[in-house]
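K.L.:
Whatever this is, show me its structure:
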Amino acid sequence: MKIFSFNGRIGISEYVVSLIICLLFVSLINFLMIHNLSRQDQLLKELLKTPYYYLIIAQGSKRCQDLGTNGWYQLIPLYIYFMLFKKGRYTN
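P.N.:
Numbers count the residues shown, from 1 in each chain. Below you'll find the predicted structure:
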């Protein structure tokens with residue numbers, strides 16, 4: 001499983017698991033940095049979140065491919081709900 005790759009397709013379960021892992025990762029970063037509000041610490045916090053953003057876009061692109069749509073569709077507001085609940089064409 002190439003989690004950071006844009007190639008391939010993923011089903012609902014793998015997409016949900018990756019969203020939960022990303023949410024836990026960002027929550028941990030926010031928890032650890034909650035008392036450090038200086039400008040440098042905010043920059044560090046955003047740099048630590050970079051893999052999160054990349055992973056969400058990569059996994060969303062693969063989920064869109066499973067639904068038979070283009071990866072750019074994930075930029076549509078509220079399209080994430082469609083990706084969460086619609087059964088894919090290629091995977092169970």
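K.L.:
tell me which helix or strand of this structure sits lowest on mean pLDDT?
P.N.:
helix 39-48 (a mean of 78; mean pLDDT, DSSP states H and E).
K.L.:
and that helix, which residues are buried?
P.N.:
Neighbour-count burial for helix 39-48 flags 45, 48 (criterion: 16 or more other Cβ atoms under 10 Å). Yep, even glycine has a C-beta here, placed from its N, CA and C like the rest.
K.L.:
from the chain's centre, how far out does that helix sit?
P.N.:
Centroid separation between helix 39-48 and its chain, computed with Cα atoms, centre = their mean, to the nearest Å, is 20 Å.
K.L.:
got it, and stretch 63-80?
P.N.:
With Cα atoms, centre = their mean, you get 12 Å for stretch 63-80.
K.L.:
circling back: could I get the CA-only coordinates of the least confident helix or strand of the chain as PDB?
P.N.:
C-alpha atoms of helix 39-48 as PDB (Å, rounded to 0.1, in the frame of the first residue of the first chain):
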ATOM      1  CA  ARG A  39       5.000  33.100  15.500                       C
ATOM      2  CA  GLN A  40       7.900  30.600  15.100                       C
ATOM      3  CA  ASP A  41       5.900  27.900  16.800                       C
ATOM      4  CA  GLN A  42       2.900  28.500  14.600                       C
ATOM      5  CA  LEU A  43       5.200  28.100  11.600                       C
ATOM      6  CA  LEU A  44       6.600  24.900  13.000                       C
ATOM      7  CA  LYS A  45       3.000  23.700  13.600                       C
ATOM      8  CA  GLU A  46       2.100  24.300  10.000                       C
ATOM      9  CA  LEU A  47       5.300  22.600   8.700                       C
ATOM     10  CA  LEU A  48       4.400  19.600  10.800                       C
END
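K.L.:
Many thanks, we can stop here.
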